[in-house]
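K.L.:
Predicted structure and sequence below. I'll ask about it afterward.
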Amino acid sequence: MTEQIIMAGFGGQGVMSMGQLLAYAGMLEGKNVSWLPSYGPEMRGGTANCCVIISDDMVGSPIVTQATAVIALNKPSLDKFEDTVVPGGLLFINSSLVDRKSVRDDIQVYYIPANEEADRLGNSKVANSVMLGAYLARAGSSVTPESVIEALKKVLGSSKQDLIPLNEKALKRGAELINE
Amino acid sequence: MTEQIIMAGFGGQGVMSMGQLLAYAGMLEGKNVSWLPSYGPEMRGGTANCCVIISDDMVGSPIVTQATAVIALNKPSLDKFEDTVVPGGLLFINSSLVDRKSVRDDIQVYYIPANEEADRLGNSKVANSVMLGAYLARAGSSVTPESVIEALKKVLGSSKQDLIPLNEKALKRGAELINE
Amino acid sequence: MSKVLMKGNEAIAEAAIQAGCRYFFGYPITPQNEIPAYMAKRLPMVGGCFLQAESEVAAINMVYGAAGAGARVMTSSSSPGISLKQEGISYIAGAELPCLIVNIVRGGPGLGGIQPAQSDYFQAVKGGGHGDYHLIVLAPSTIQEMVDLVQEGFDIADQYRNPVMILGDGMLGQMMEPVEFKERKPRQLPPKDWATTGWKGDRPRAVINSLFIDPQVLEEHVQRIYKKYEAIKANETKVECYNCEDAEIIVSAYGTTARIVRSVIELAAKEGIKVGLIRPITLWPFPADTFSSWVERDHVKAFLTVEMSMGQMVEDVTLSVGGRKPSYFYGRTGGMVPNPFDILDEIKKIRGGNR
Amino acid sequence: MSKVLMKGNEAIAEAAIQAGCRYFFGYPITPQNEIPAYMAKRLPMVGGCFLQAESEVAAINMVYGAAGAGARVMTSSSSPGISLKQEGISYIAGAELPCLIVNIVRGGPGLGGIQPAQSDYFQAVKGGGHGDYHLIVLAPSTIQEMVDLVQEGFDIADQYRNPVMILGDGMLGQMMEPVEFKERKPRQLPPKDWATTGWKGDRPRAVINSLFIDPQVLEEHVQRIYKKYEAIKANETKVECYNCEDAEIIVSAYGTTARIVRSVIELAAKEGIKVGLIRPITLWPFPADTFSSWVERDHVKAFLTVEMSMGQMVEDVTLSVGGRKPSYFYGRTGGMVPNPFDILDEIKKIRGGNR
Amino acid sequence: MAIVFKKPESLTDNPFHYCPGCTHGIVHRLIAEVMDELNIRQDTIGVAPVGCAVFAYDYFNCDMQEAAHGRAPAVATGIKRVHPDKVVFTYQGDGDLASIGAAEIVHAANRGEKITTIFINNAIYGMTGGQMAPTTLLGQVTVTSPYGRQAETEGYPIRMSEMLATLAGVAYIERVSVHDIKHINQAKKAIRKAFEYQIAGKGFTMVEVLSTCPTNWGMTPVESLEWVKDRMIPYYPLGVKKEAE
Amino acid sequence: MAIVFKKPESLTDNPFHYCPGCTHGIVHRLIAEVMDELNIRQDTIGVAPVGCAVFAYDYFNCDMQEAAHGRAPAVATGIKRVHPDKVVFTYQGDGDLASIGAAEIVHAANRGEKITTIFINNAIYGMTGGQMAPTTLLGQVTVTSPYGRQAETEGYPIRMSEMLATLAGVAYIERVSVHDIKHINQAKKAIRKAFEYQIAGKGFTMVEVLSTCPTNWGMTPVESLEWVKDRMIPYYPLGVKKEAE
Amino acid sequence: MAKVTFDEDRCKGCELCVHVCPKGIVVIAADRINKKGYHPATVIEMDKCIGCAFCARMCPDVVIEVEK
Amino acid sequence: MAKVTFDEDRCKGCELCVHVCPKGIVVIAADRINKKGYHPATVIEMDKCIGCAFCARMCPDVVIEVEK
Ligand SMILES: Cc1ncc(C[n+]2csc(CCOP(=O)(O)OP(=O)(O)O)c2C)c(N)n1
Ligand SMILES: Cc1ncc(C[n+]2csc(CCOP(=O)(O)OP(=O)(O)O)c2C)c(N)n1
Ligand code: SF4
Ligand code: SF4
Ligand code: SF4
Ligand code: SF4
Ligand code: SF4
Ligand code: SF4
Ligand SMILES: [Mg+2]
Ligand SMILES: [Mg+2]
């Protein structure tokens, strides 16, 4: 089985670290994984996206051109990547920042008000975790939220371990939203 | 017909300009010619030599490895190039500075006391012209002393035209020595 | 040791340190900036020295100095910076100094772009600098292999006293994959008794030099180096063949492109097309013999080289194929990455006789 | 005009001036020092500008500036200096600027030596700089041809907006031969309306640049340049075939080496061996078709490439021969010049099946 | 009402790609204002560096050449020798000018090349993500001086203006800052004088501008201005370093 | 009788390849004498330039590296960083150091690299046959300034010692001459001091030596000494340019 | 009487104009986001503006035009 | 009493030693040529030598050894 995911949003929304976390978790579960940032010109700002692949087989091209899932944290990302979802694939839209619906009818689309939920959890920065929680909760991901938390523990410096409970909550909340 | 000549001596003995003059003269007579200096390390001093080819045909390699004639102005040059003369070829030795005889018996060897002759003519610098005169006088050169003088006129700046009579004399003296 | 998830560039740096590299001289350039950043952080911790040189030219000459002084030393850069290093690289090759040079290639020519490319193949493999010499050029295609080849690269450099280049690209530099830093069996390496370490009279005076003013001596020097190259060809050529048994079309690709071709092979298999991959791991020495061994097989109908360039390695493939089977090329350039489906289309065209 | 006897280096300089070149930026290096010396004397007399740059790197970037400003401009150097220019050359190619670059090759690698060599073939022809690009590389073999190709070279550069390289060697630079500076029919050249001359609004603003940050745009840019290359291949490929009719062995050589091979052909003829010469005059574009046209002839038994290197052009010859006939190599390097008799021996060995 | 301030003609309409609050933009505008005031736009050829200002060729509304990293003075020399009657300027960062391009700027200055160099000293490599520049202050943390720059191993921040001012070919060098309005006005005067000296054929001219890099300094734009004032100016004293009569 | 003068141990037996009367040889000997006196031969690593002194690796009787043209300071930096306890020196001509290698010397000096540079200023490119150097005097005729060097187009002769002395990393710079015995003795003292400062870890040290090139100046060796005294010294004033406490 | 006009879509919300206005009348519009995704600067109480153009001179993105 | 010795085959006849000898006793030996082809320097009237070693210090080719 191969998950091919694109995560995209504004710089600062944490899409890069969300992707790294997912890949890390996949690795902890013994999968072959890759994470590829789209690195832009040598200047700051703008949009950011990354490709994550989690697979039982060796990872070939790390570029995702036919995504099994797209997680779009803002509208430009949705516009750019909506088409790349394979038929039957998954699309997660951050409805807090995206005011339109998906035009695709051959895929599964989830609308998650991630920023609002994150604010409700007390920290708007965990909107990415809410989205990730939603992704993990959809049927069939080979990665568990527990592995993500495990990965988070390894990635976060010892000084930041207190952020873990909050992220745990955000992941859970994302999962709940999917299943509501 | 192809003349393949090596001229060699100490730096300062005028072997380079002697070679250029011969090539120039050959050109004036409508021949194909080439002149090739052996350029050493990027420092001054030491020995100097050049290859001159005068031919009815297009000049192939400008390097002379089998010389129809060698003109050696000092002993190191004789030592170095004596072997390169083809059987039946010519060897001109500046006997003023070279105290040994040629060991070859399959070639024609001429001993010319060029420095002494030049001194006698009043300028030790024209030893090279004495040697050149000798070369030209040996049977069969396609270049005449007149062409050499012609070439000299073109090569010397207008300020130095007064050197021509002296060189003319030196060439003639060289020829005389051969025929003596 | 267990696996860690690492960016290619950081993995290169860590691998170098674990291989005993203690000196890094470089100059910033995208997309390899994580290498100097990592080195700047880590080298002081292990008693090494990181120095940001004033330029790539200075950097490669610092490498020359440090390598000549006997150190394990490396530099890294990307395309324009590597061009600036060509004189220095030629000197290092001429003076027979071991070192590791990393080129994380970006699109060119000129300032070009910063996206991944493979358009510095000629420069790396044929000799971007002047004179007769070769770099040993290693082309990893995963982060794990990057780590392994960096460590191997230092050993090869020391063993043969020759500069080694890791030829990556922006994608390999920037992507993350799990890697394991394995316990290595280091090679038995000759002592560096030729290095300038201060002359106490217990060995010949050390002179690091590439000048041989007498052409005969220079020729002998070069021929001696070329004899060494024969040994390198015999001992160090590395290549991976994948799915070549029964393959109808053999695709040749290295680095990132080879990964993409693996995806193509799967796509092709689904359509019943048998595609194989010859992936040169050493670009120099080029695994010509491997091509020769497949070229005469009846099931192989044609060769296709895929590169992120306008066609460079394809010349070596074609030379190896030697006219015995057709040799085709497909490439993207300027930072564009070939799409598996487009490659598959090319394969179909070749099969259909439309190329 | 009548003939004059000139050193190759001086002939290059005079030819450039007669071709309208008015700007020279360079840095001293043996064996090409007569070129800047001549330019320093003559350019001020014709209203031009000679400037000794602080380095080869500065020189090539001055050339970039002057070429971008619309001037006919040149630089010259020898091997190590040309290596230093690789970044700049890649920029010039990327920005599509016309200029003439002279490389009077000496032995390498490193500081090497100062005697004639041909070991910068790969650098010149395959691309010593980074990225996908080509120089148009002209290889004269007589001083007269040097003069003609310098003048032609400027026109070709302007016509296609591409840098042109004259690849000579120390022997060609230092030797003297008669030359004639003929009245030339200049080509019909496009106006340089892209040059930075001050923007009065009567044309698009001139921007000289090689940066295309969007990979798609960069790819299009490169592909457009490669389309230009196709036109250059079609229109500008130059080659001389000598004595090939009935030749049993065809020797391929360029520049100085080709002259030597001419001597070999005579020697061989005396022994009843029929040897031909294919002399590429443009090394890029390489006259591959010429080889193809001879390769199928029955009388041709084998190809032998002779170079003053360890074997570089031989790859292009072998590619052109395409496995249809055997392709051999004989070379000397480091400043050693092949001896006609040794080449003849090689030919005999090939005929005798001893190679 | 009359317009008292608007975008100069010598800037194109392209919006700058610089980070929010980066003072590269201010310096661009000042140069353009000077070009407008001296009415030299049609006679000016600019040279863009490699650095954050690499796209300067999209912003200055005159003929432009994009130079290789550090080589702008050489490129400008090539242009100026071909067009001695034109006004030629280079725009260079501290990595570009003081590090990789040190030889080219020293020699352009020494030759008295009649060009104007605008030298943006922001104590860092902006474009490549915040590496140490030769002008990085002691103790300053950057990507390649993660423990703060140490004089012992990395040397002292280089004062290019003072060093170049020792050269005979230099007609005018001044160091200015753009951290507040007063200094912006002074910076503009300096830039204007540099162009005027070039036009008068006096020799090489350079204006060093202390500039901000909020992104890589890890500060807000406003904090960055303070940092220029409090940290940079004490080490890099403002003022004329050389002026030919 | 005791020996009062003989060839120092730190020179090999190889005869120099320099032209008759070229003062490169004197400077070689002085360096070797200093190495002998400080007893550092076994701890010294020298770096030869590209220039007439390219074969210096054949003459100094210690470990040597031959650097690419102009890059000796970078090569020396690489060596010194690997062997901080060794004495590392470069020997460079004016083309090598002041022209092509300007960036490398500026940055080695600015970093305070603990090396010693012996800088041979002979106002010409000796090895390549007499081209203009950055230090060539105004009006001086060379192969590439056939009408005499002009300030207007080629700039002024560069005073490297004065320029480098502005840099903070420099511990010691002095300009000396070897045109007579008194100055030769002074030159040796300066070279000794430079090595001592390096050993003491004070920073970058350089001795600029005004030297002759009879061959390319077109003078006899003796005339050349006069030319140094009468023409070079007035433009290149001797003395200490910087000395750290 | 003076007037400042903001080319809002060029604004990057850097606040340098806010910082420099002697009248303290430039603020960041928290209520809107421009094409680039930034909260743009704007002037409240335009009548207090003295047309000093400090804001415009400080703005790195040439956003502001000033009339007086 | 002092003595100078010339390693004649290293000498290049540059005359710097001649120029610098305070006693004027160093001369070029016009009568002989050394291995390199130069007329070497030599001392006439060795008894006048004061062993100052000026000649040796000035010699670029380390030809001269001085005893005293
Ligand atoms: C030859 C070369 N080396 C390195 C680079 C990478 N590079 C791009 S910009 C830059 C430095 C930018 O710093 P600076 O000149 O200070 O300008 P800033 O971005 O700070 O304005 C570097 C090293 C390059 N493009 N070319
Ligand atoms: C990259 C490079 N450029 C140019 C040269 C040619 N070259 C050799 S020595 C030299 C200059 C020598 O002058 P200088 O440094 O003043 O030393 P000198 O010979 O006067 O002692 C040059 C330009 C070279 N070898 N390498
Ligand atoms: S990185 Fe720094 S210098 Fe570059 S645009 Fe951003 S703030 Fe300005
Ligand atoms: S060319 Fe000049 S510097 Fe070189 S050895 Fe001869 S005299 Fe000395
Ligand atoms: S200074 Fe300019 S860019 Fe910054 S907030 Fe004000 S108007 Fe916007
Ligand atoms: S013009 Fe002056 S007062 Fe008016 S908004 Fe701008 S800074 Fe404030
Ligand atoms: S030691 Fe003094 S006196 Fe004696 S020969 Fe030498 S210079 Fe003359
Ligand atoms: S100084 Fe030395 S080389 Fe010169 S003549 Fe005297 S002994 Fe000979
Ligand atoms: Mg900067
Ligand atoms: Mg010099």
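P.N.:
Yes, it's here. Numbering: from 1, shown residues only, chains lettered A, B, ... in the order given. Ligands and ions are numbered 1, 2, ... in the order given.
K.L.:
quick one: the strands in the chain?
P.N.:
In the absence of a named chain, this looks at chain A. Per DSSP state E, chain A carries strands over the ranges A:2-10, A:32-37, A:47-55, A:67-72, A:85-94, A:108-112.
K.L.:
meant chain G actually
P.N.:
G:3-6, G:26-28, G:41-43, G:64-67.
K.L.:
Dump these into JSON lines; add mean neighbour count as well.
P.N.:
All C-beta spots, glycine's among them, are computed from the backbone N, C-alpha and C. Listed next are the strands of chain G as JSON lines, based on neighbours: other CB atoms under 10 Å in any protein chain shown:
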{"stretch": "strand G:3-6", "mean neighbour count": "20"}
{"stretch": "strand G:26-28", "mean neighbour count": "19"}
{"stretch": "strand G:41-43", "mean neighbour count": "22"}
{"stretch": "strand G:64-67", "mean neighbour count": "20"}
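K.L.:
I'd like to know which of the ones you listed is closest to A:Leu36.
P.N.:
strand G:26-28 (35.5 Å; CB to CB).
K.L.:
Give the other helices and strands that the closest one contacts.
P.N.:
helix G:16-20, strand G:41-43 (3 or more CB pairs under 8 Å, 6 or more residues apart in numbering or on different chains; DSSP states H and E).
K.L.:
Secondary structure class of the residue of chain E found nearest chain A, three-state.
P.N.:
Scanning chain E for proximity to chain A using CB to the nearest CB identifies E:Met127 as nearest, at 4.2 Å. Secondary structure, DSSP: H, G, I helix; E, B strand; the rest coil: E:Met127 is coil.
K.L.:
Over to it: give its phi and psi.
P.N.:
Main-chain dihedrals, E:Met127, degrees, to the nearest 10: phi -60, psi -40.
K.L.:
Just to check, it is in contact with E:Val54?
P.N.:
Yes: the pair E:Met127 and E:Val54 passes the contact test of CB atoms under 8 Å, sitting 6.9 Å apart.
K.L.:
Compare the helices and strands packed on strand G:26-28 and give me the one nearest ligand 6.
P.N.:
strand G:41-43 (5.2 Å; CB to the nearest ligand atom).
K.L.:
For that closest one, which helices and strands make contact with it?
P.N.:
Partner elements for strand G:41-43 (3+ CB pairs under 8 Å, 6+ apart): strand G:3-6, strand G:26-28.
K.L.:
What mean pLDDT does the first one get?
P.N.:
This points to strand G:3-6. The average pLDDT within strand G:3-6 is 97.
K.L.:
What lies in contact with that strand?
P.N.:
E:1, G:26, G:40-43, G:46, G:49, G:51, G:55-56, G:63-68 (CB atoms under 8 Å, 6 or more residues apart in numbering or on different chains).
K.L.:
mind listing what E:Leu210 touches?
P.N.:
Counted by CB under 8 Å, 6+ apart, E:Leu210 has contacts E:121-122, E:175-179, E:228, E:232-233, E:236, E:238.
K.L.:
For those, give me a markdown table that also has neighbour count.
P.N.:
Compiled in a markdown table, the contacts of E:Leu210 are given as follows (neighbours: other CB under 10 Å):
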| residue | neighbour count |
| --- | --- |
| E:Asn121 | 27 |
| E:Asn122 | 28 |
| E:Arg175 | 25 |
| E:Val176 | 23 |
| E:Ser177 | 24 |
| E:Val178 | 28 |
| E:His179 | 24 |
| E:Val228 | 24 |
| E:Met232 | 21 |
| E:Ile233 | 16 |
| E:Tyr236 | 22 |
| E:Leu238 | 18 |
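K.L.:
Now for the residues you listed: which two are most distant?
P.N.:
Farthest pair in the contacts of E:Leu210, by CB to CB: E:Asn122 and E:Leu238, 15.4 Å.
K.L.:
Distance of C:Ala195 relative to C:Gly110?
P.N.:
38 Å (CB to CB, to the nearest Å).
K.L.:
Run through the bridge partners of the nearest residue to E:Pro237 once chain neighbours are set aside.
P.N.:
Among residues not flanking E:Pro237 along the chain, E:Arg175 sits closest, at 7.0 Å (CB to CB, 6 or more residues apart in numbering or on different chains). Listed by DSSP bridges, the beta-bridge partners for E:Arg175 are E:Glu208, E:Gly239.
K.L.:
residues making contact with stretch A:135-145?
P.N.:
Outside stretch A:135-145, the residues touching it (CB under 8 Å, 6+ apart) are A:1, A:3, A:5, A:22, A:25-26, A:29, A:31, A:54, A:69, A:71, A:90, A:92, A:108, A:110, A:133, A:148, A:168, A:171-172, A:174-176, A:178-179.
K.L.:
Flag every buried residue along that stretch.
P.N.:
Neighbour-count burial for stretch A:135-145, counted by 16 or more other CB atoms under 10 Å in any protein chain shown, picks out A:135-137, A:141-143, A:145.
K.L.:
related to what we said a few turns ago, most neighbours per residue, which of the strands of chain A?
P.N.:
By mean neighbour count, with neighbours taken as mean count of other CB atoms under 10 Å in any protein chain shown, strand A:67-72 ranks first of those at a mean of 26.
K.L.:
Partner strands of that strand, with direction?
P.N.:
Strand A:67-72 is paired, per DSSP bridges, with strand A:2-10 (parallel), strand A:85-94 (parallel).
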